[in-house]
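In: sequence first, predicted model second:
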Amino acid sequence: MTQEESHILLPEEKTYAREYKWRHWWIEHRFTLKQTGLLVVMAAEVLLLLFVVWNLSDAFLLSSSGDEQAVAQMVTSGSSETHAFAISQQAESLQLSGARVLSLGDSRYDFYAEVTNPNDHWWAEVDYVFSSGEIREKGTEFVLPSGETPLVAFFITSSIPLTSVSIEIQEVRWHRLDVHTIPVYEEWQEDHFRLAVTDISFDPSFELNGKRIGRMTFTITNEGPYGFYEVPLYLLLFRGGSVVGVNRTEVSTLDAGETKQVVVNWFGVVPSVSTYEVIPLINLFDPEVYQELQGKQSIDARVSF
């Protein structure tokens, strides 16, 4: 066989030669390839680990302060709004006038002050105390929404002259109106409370059994649909805009549409006065003050509450 013929291989021989070369190359490089593959896998695991560590660090270290600030801002904002809403729903404090001493003569005195409610959707029960030296006189009254109520201690006796007195509110029990039942208090009050006091007169020198006393007369008419079992009335005497005398009486059973004449005698020292006033004072939120509606046996006026 010539040299040229020795280089001519059959197809089967060519295939065997390629496989031989491949196997020979694999045997020589197998260890290197295994090492390279292992390094690739390790590198991938390291990269994955670094990715996890980075995310954890970002969540708990880098971004946490920003997230905390955002959460704190949300909480603070919500708290501020809640606080503002709570403040808007709270009742404003009652307003108390200065107390004064009203002399009745014969070492007897009345103590007088006024409490005003600036809230139109709250009414209050008020415990108060007058103090003058060692004298302490307690009392309880109510004040309606946007209303004013006299606070009085009657017939205080003292062996020494009293020239000044102070007053302190000890406790206030607030009652919020239901806006679904009473959306506008003024309209509701107008429907429940229509007492007209007219023909008021005051005689500071009325003679009774040989003595001169003060006498006040007036007419009271219930122009509303609700009758009342009792109607308390405060009678005030003024001089120059200041209260110089106070009295209290009650009218029993004032039916709807009824008119009554009232006479009140004023004993003791009667001050000189310029004007006078009669103030009906009914707790409209007390169901016990209302009479039953006439002609409706199964319906009571108190259902309005």
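Out: That came through fine.

In: C-alpha from now on. contacts and neighbour counts both.
Out: Fine.

In: could you show me where the strands are in this protein, in order?
Out: Secondary structure of the chain (DSSP state E): strands located at 95-96, 100-105, 108-116, 122-132, 135-143, 148-157, 166-176, 195-208, 211-222, 228-239, 242-254, 259-266, 275-280.

In: dump these to CSV, plus mean neighbour count and distance to Glu28.
Out: As requested, the strands of the chain are exported to CSV (neighbours: other C-alpha atoms under 10 Å; distance: least, C-alpha to C-alpha, whole Å):
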stretch, mean neighbour count, distance to Glu28
strand 95-96, 14, 104
strand 100-105, 19, 118
strand 108-116, 20, 107
strand 122-132, 19, 98
strand 135-143, 16, 107
strand 148-157, 19, 110
strand 166-176, 15, 96
strand 195-208, 15, 119
strand 211-222, 17, 121
strand 228-239, 17, 118
strand 242-254, 17, 121
strand 259-266, 16, 127
strand 275-280, 17, 118
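
In: so which of the ones you listed gets nearest Ala43?
Out: strand 166-176 (71.9 Å; C-alpha to C-alpha).

In: parallel or antiparallel, which strands does that closest one pair with?
Out: strand 122-132 (antiparallel) (DSSP bridges).

In: quick one: contacts of the partner strand?
Out: With contact meaning C-alpha atoms under 8 Å, 6 or more residues apart in numbering, strand 122-132 is reached by 91, 111, 117, 136-145, 153, 162, 164-177.

In: extract the CA atoms of it and return them as CSV.
Out: The C-alpha coordinates for strand 122-132 follow below in CSV (Å, rounded to 0.1, in the frame of the first residue of the first chain):
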residue,chain,number,x,y,z
TRP,A,122,-75.2,68.6,75.5
TRP,A,123,-77.1,69.1,78.7
ALA,A,124,-75.6,68.7,82.2
GLU,A,125,-76.4,68.0,85.8
VAL,A,126,-74.3,70.1,88.1
ASP,A,127,-73.2,69.6,91.7
TYR,A,128,-72.0,72.9,93.2
VAL,A,129,-71.0,74.4,96.6
PHE,A,130,-71.1,77.9,97.9
SER,A,131,-68.4,78.8,100.4
SER,A,132,-68.4,81.8,102.8
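
In: okay if I get the strands of the chain as TSV plus mean pLDDT and distance to Gln35?
Out: What follows is these, written out as TSV (pLDDT from 0 to 100; distance: least, C-alpha to C-alpha, whole Å):
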stretch	mean pLDDT	distance to Gln35
strand 95-96	98	91
strand 100-105	95	105
strand 108-116	98	94
strand 122-132	98	86
strand 135-143	98	94
strand 148-157	97	97
strand 166-176	98	83
strand 195-208	95	107
strand 211-222	95	109
strand 228-239	97	106
strand 242-254	96	108
strand 259-266	96	116
strand 275-280	97	106
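
In: so which of these comes closest to Glu45?
Out: strand 166-176 (67.9 Å).

In: per-residue pLDDT, Val53?
Out: pLDDT recorded at Val53 is 72.

In: hang on, the earlier thing: make JSON lines out of the strands of the chain and add distance to Leu39.
Out: Compiled in JSON lines, the strands of the chain are given as follows (distance: least, C-alpha to C-alpha, whole Å):
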{"stretch": "strand 95-96", "distance to Leu39": "85"}
{"stretch": "strand 100-105", "distance to Leu39": "99"}
{"stretch": "strand 108-116", "distance to Leu39": "88"}
{"stretch": "strand 122-132", "distance to Leu39": "80"}
{"stretch": "strand 135-143", "distance to Leu39": "88"}
{"stretch": "strand 148-157", "distance to Leu39": "91"}
{"stretch": "strand 166-176", "distance to Leu39": "78"}
{"stretch": "strand 195-208", "distance to Leu39": "101"}
{"stretch": "strand 211-222", "distance to Leu39": "104"}
{"stretch": "strand 228-239", "distance to Leu39": "100"}
{"stretch": "strand 242-254", "distance to Leu39": "102"}
{"stretch": "strand 259-266", "distance to Leu39": "110"}
{"stretch": "strand 275-280", "distance to Leu39": "100"}
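
In: gap between Glu168 and Glu292?
Out: Look at Glu168 and Glu292: by C-alpha to C-alpha, to the nearest Å, they are 38 Å apart.

In: now the helices: where do they sit in the stretch 1-150 of the chain?
Out: Under the criterion DSSP state H, counting those that start in this stretch, helices of the stretch 1-150 of the chain are mapped to 3-6, 11-57, 64-89.
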